[in-house]
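# kindly return the folded structure for what I paste below:
(one chain, ligands or ions: 1)
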Amino acid sequence: MLIFRKPLENIDRPQMEADVVIVGGGPAGMACALRLSQLIDEHNAKNPGSPLSKENVYLLEKSREIGQHCLSGALLDPRAMRELLPGFEKEAPIDAEVTKEAVYFLTRTGKFKFPITPPPLRAHGNYVISINRFVKWLGSKVEEAGITVFTGFAGSELLFDGDRVSGVQTDDKGVDKHNQPKSNFEPGYDLKAKVTILAEGPRGSLTKQLVKKFSLDKDRNPQTYGVGVKELWEVPAGRIAPGEVIYTMGWPLTSKEYGGAWIYGSKDNIVSLGFVTDLGYRDPRLDPQRVLQEFKKHPYIAGLLAGGKMIRYGAKSLPYGGWWAIPPVAGDGWMIVGDSAGFLNSQRLKGIHLAIKSGMLAAETVFDALKKSDSSAATLNDFQRRVENSWIKEELWRVRNFHQGFEHGLWAGMLHAGLQQITGGRGLYSRYSAKPSHAHMKKLAELPADGGSTSLLTCITRARSTKRTSPPTSLFTTRISANSAA
Ligand SMILES: Cc1cc2nc3c(=O)[nH]c(=O)nc-3n(C[C@H](O)[C@H](O)[C@H](O)COP(=O)(O)OP(=O)(O)OC[C@H]3O[C@@H](n4cnc5c(N)ncnc54)[C@H](O)[C@@H]3O)c2cc1C
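Below you'll find the model as predicted:
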């Protein structure tokens, strides 16, 4: 696991000069690098006398291999990819095209199928992909294009020149747990860049520094988060067709929590399934990992998985705040793209296409900056304008109030969502406010003994009966033990 430490002080750090540094090699960062490379190639073909160089464009990715830290469902809306690489389907690693969708509401042992799939969850024409393999493939395109990708390097501090972002410092290597240099110590680099693009995914560490320094969250709704816990299963043939997509609501969450599950059929009898839980829950005993495990015990899900085996698992957060939580995305020497900015449509549980498109628009802006040799806020702010004039805004504006509508539970949320659907996303108010996710959590003493919900009660009871002979192993079981002792 990569741990961000405070950089050591009084260290001589090697310096490197760069035109552009992209921090983060997920869909946003890779699309940004590739689009910039395309624009430079086109420019150089038309202007052989005044070429631009890609030599000093760098992408930093903290994982050891490209794509290693990328985790998602994943259903790809192909819109942005078709703009970036027309005909990408011919060579990209695509597992299946979506041909069938269904949405179920689960009770503890039963299920109700929605008579029609709500429009936001219709995914015909989208692709089931492994985001890990997809980003690896995108990364190979970036490298083939001549852009240098440094894997295993994290941006750990932003560099400033007054109020201008002037690059990033990479992480020190060979530091012990007390933050002292070991014999293999290697200081991080000061990577001085004309433009720094933050593509770190949700809650990026450099993005947080930037937001704090310039109070970029002023007048914005707080960014809120969900966490998705995911497993990949290999199941016996015939359980779910490649390209079949199932969403569920309800069990094991109650009407007081927001979240749901996805099940995507992939090729070779592989099933991607996972549960996304909004972190704005009230009950401190609720554990999103436990929620997925309970979900898998539901008779419908257990039947799908019976006889299969889990082959991979992981968890990752998603930014849920939507349009009103997006900070200014450009300034003097910097831009923010993808999930780092909050470009995610929580109604569709989709952000890959928005990450790609935002990376492309940032690349188009930085290309202008390189041509003009001007990376001041005046030039880079054009990224804000490009976003606002693009389909990113169109898509996110329609769901600008969606997630906040669920702050008071599922039923109120459904009502707001219905109203928003017929008022172009407005609903009851022009701008719905939100509380930070953690502000919803109550103290145990403030909750009814059963957490105020029958589903959760059953979840707790089951956990208690299965854990009786072993010591508590997680916050969830510790709390239950504490509760049962009381
Ligand atoms: C459980 C789950 C299911 C999802 N399902 C879908 C779906 O089906 N369809 C869909 O479209 N979207 C889905 N999403 C959302 C989608 O995954 C994201 O919107 C998308 O991956 C955002 O891309 P990104 O490049 O902005 O960030 P990320 O994909 O998070 O990539 C960020 C990269 O930056 C690297 N990085 C971070 N910090 C640093 C640093 N300081 N220095 C160097 N490198 C750094 C990380 O290692 C990572 O590789 C899902 C998300 C989750 C969590």
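# pretty sure residue 415 is in a helix, no?
Yes. Assigned with DSSP: H, G, I helix; E, B strand; the rest coil, residue 415 falls within a helix.
# what separation do you get for the residue lying closest to it once chain neighbours are set aside and residue 327?
Of all residues not flanking residue 415 in the chain, residue 405 sits nearest, at 7.8 Å (CB to CB, 6 or more residues apart in numbering). The C-beta positions use only the backbone N, C-alpha and C, and glycine is treated the same way. Distance of residue 405 to residue 327, given as CB to CB, to the nearest Å: 22 Å.
# neighbour count: those two, which is higher?
Of the pair residue 405 and residue 327, residue 405 is the one with more neighbours under other CB atoms under 10 Å, namely 23 against 20.
# residue 64: neighbour count?
10.
# list the residues that contact it.
Neighbour list for residue 64: 151, 152 [criterion: CB atoms under 8 Å, 6 or more residues apart in numbering].
# please report phi then psi for it.
The phi and psi values for residue 64, taken as degrees, to the nearest 10, are phi -70, psi -30.
# go on, the one 5 residues further on?
Summarising the backbone geometry of residue 69 under the convention degrees, to the nearest 10, its torsions are phi -100, psi 10.
# surely it and residue 29 touch.
No. Between residue 69 and residue 29 there is no contact under CB atoms under 8 Å: 11.3 Å.
# just to be sure, the residue nearest to residue 415 is in a helix?
Yes. Under three-state DSSP, residue 405 sits within a helix.
# in the sheet, who's paired with residue 148?
Per DSSP bridges, residues listed as beta-bridge partners of residue 148: residue 58.
# overlap in contacts of residue 69 and residue 29?
Shared contacts of residue 69 and residue 29, defined by CB under 8 Å, 6+ apart, are found at residue 61.
# of the two, give the one with the bigger neighbour count.
residue 29 (31 against 19).
# closest to the centroid, which residue in this structure?
With distances taken as CA atoms, centre = their mean, the residue of the chain nearest its centroid is residue 318 (4.3 Å).
# what about it, distance to residue 226?
Distance from residue 318 to residue 226, by CB to CB: 5 Å.
# shared neighbours, these two?
276, 346.
# OK, contacts around the residue in the stretch 1-150 of the chain that the ligand sits nearest to?
As assessed by CB to the nearest ligand atom, the ligand sits closest to residue 26 within the stretch 1-150 of the chain, at 2.0 Å. Residue 26 makes contacts with 69, 70, 135, 199, 201, 338, 339, 355, as judged by CB under 8 Å, 6+ apart.
# filter those residues by proximity to the ligand?
Among the contacts of residue 26, the residues that sit close to the ligand (CB under 6 Å from any ligand atom) are 69, 70, 199, 201, 338, 339, 355.
# closest one of the residues you listed to residue 153?
Nearest to residue 153 out of the ones next to the ligand among the contacts of residue 26 is residue 69 (CB to CB; 12.9 Å).
# and the closest residue to the closest one other than its chain neighbours, how close does it get to residue 308?
Spatial nearest neighbour of residue 69, excluding adjacent residues (CB to CB, 6+ apart): residue 63 at 4.2 Å. For residue 63, the distance to residue 308 (CB to CB) stands at 28 Å.
# go on, residue 317?
Residue 317 sits 27 Å away from residue 308, going by CB to CB.
# and what of residue 281?
29 Å.
# neighbour-wise, which of the two wins?
Between residue 281 and residue 308, residue 281 has the larger neighbour count (other CB under 10 Å), namely 24 against 15.
# skipping its backbone neighbours, what lies nearest the more buried one in space?
residue 257 (4.9 Å).
# if we can go back for a sec, hang on, isn't the residue nearest to residue 69 packed against residue 151?
Yes. With contact defined as CB under 8 Å, residue 63 reaches residue 151; the gap is 6.5 Å.
# need the overlap of contacts for the two.
Listed as contacting both residue 63 and residue 151 by CB under 8 Å, 6+ apart are residue 25.
# which of the three states applies to the residue nearest to residue 166 when sequence neighbours are not counted?
Distances taken as CB to CB, 6+ apart put residue 159 closest to residue 166, at 4.8 Å, once the chain neighbours are dropped. Following three-state DSSP, the label given to residue 159 is strand.
# tell me, how many residues neighbour residue 90?
8.
# need the residues of the stretch 51-200 of the chain near the ligand, please.
So far as CB under 6 Å from any ligand atom goes, the stretch 51-200 of the chain lies against the ligand at 60-63, 69-75, 154-155, 199-200.
# hmm, 5 Å instead?
60-63, 69-70, 72-75, 154-155, 200 (CB under 5 Å from any ligand atom).
# can you list the residue ranges for helices in the stretch 1-150 of the chain?
Along the stretch 1-150 of the chain, counting by DSSP state H, counting those that start in this stretch, helices occupy 27-46, 79-84, 131-144.
# out of those, deepest packed?
Of all these, helix 27-46 carries the top mean neighbour count, a mean of 23, counting by mean count of other CB atoms under 10 Å.
# between that helix and helix 131-144, how big is the angle?
With axes from the mean of the first three to the mean of the last three CA atoms, to 10 degrees applied, the angle from helix 27-46 to helix 131-144 works out at 20 degrees.
# now do helix 27-46: which elements does it pack against?
Helices and strands touching helix 27-46, as assessed by 3 or more CB pairs under 8 Å, 6 or more residues apart in numbering; DSSP states H and E, comprise strand 15-23, strand 57-61, helix 79-84, helix 131-144, helix 338-341, helix 352-372.
# repeat that with 10 Å
Helix 27-46 makes packing contacts with strand 15-23, strand 57-61, helix 79-84, helix 131-144, strand 148-151, strand 190-198, helix 338-341, helix 352-372 when contacts are defined by 3 or more CB pairs under 10 Å, 6 or more residues apart in numbering; DSSP states H and E.
# closest to residue 304 out of the ones you listed?
Comparing the helices and strands packed on helix 27-46 under CB to CB, the one sitting nearest is helix 131-144, at 21.8 Å.
# and the helices in the stretch 201-350 of the chain?
For the stretch 201-350 of the chain, the helices defined by DSSP H, counting those that start in this stretch occupy 205-213, 288-297, 299-305, 338-341.
# residue 359 is nearest to which of those?
Of all the helices of the stretch 201-350 of the chain, helix 338-341 sits nearest to residue 359, with 6.4 Å by CB to CB.
# state the distance from the residue of the stretch 351-486 of the chain found nearest the ligand to residue 270.
As assessed by CB to the nearest ligand atom, the ligand sits closest to residue 351 within the stretch 351-486 of the chain, at 2.1 Å. With the distance defined as CB to CB, residue 351 ends up 22 Å from residue 270.
# counting neighbours, go ahead and name the busier of those two.
Per other CB under 10 Å, whichever of residue 351 and residue 270 has more neighbours is residue 351, with 26 against 21.
# my read is that that one contacts residue 226, right?
No. Assessed by CB atoms under 10 Å, residue 351 is found out of contact with residue 226, at 11.3 Å.
# so how far is residue 332 from residue 368?
Distance of residue 368 to residue 332, computed by CB to CB: 15 Å.
# I am finished for the moment; much appreciated.
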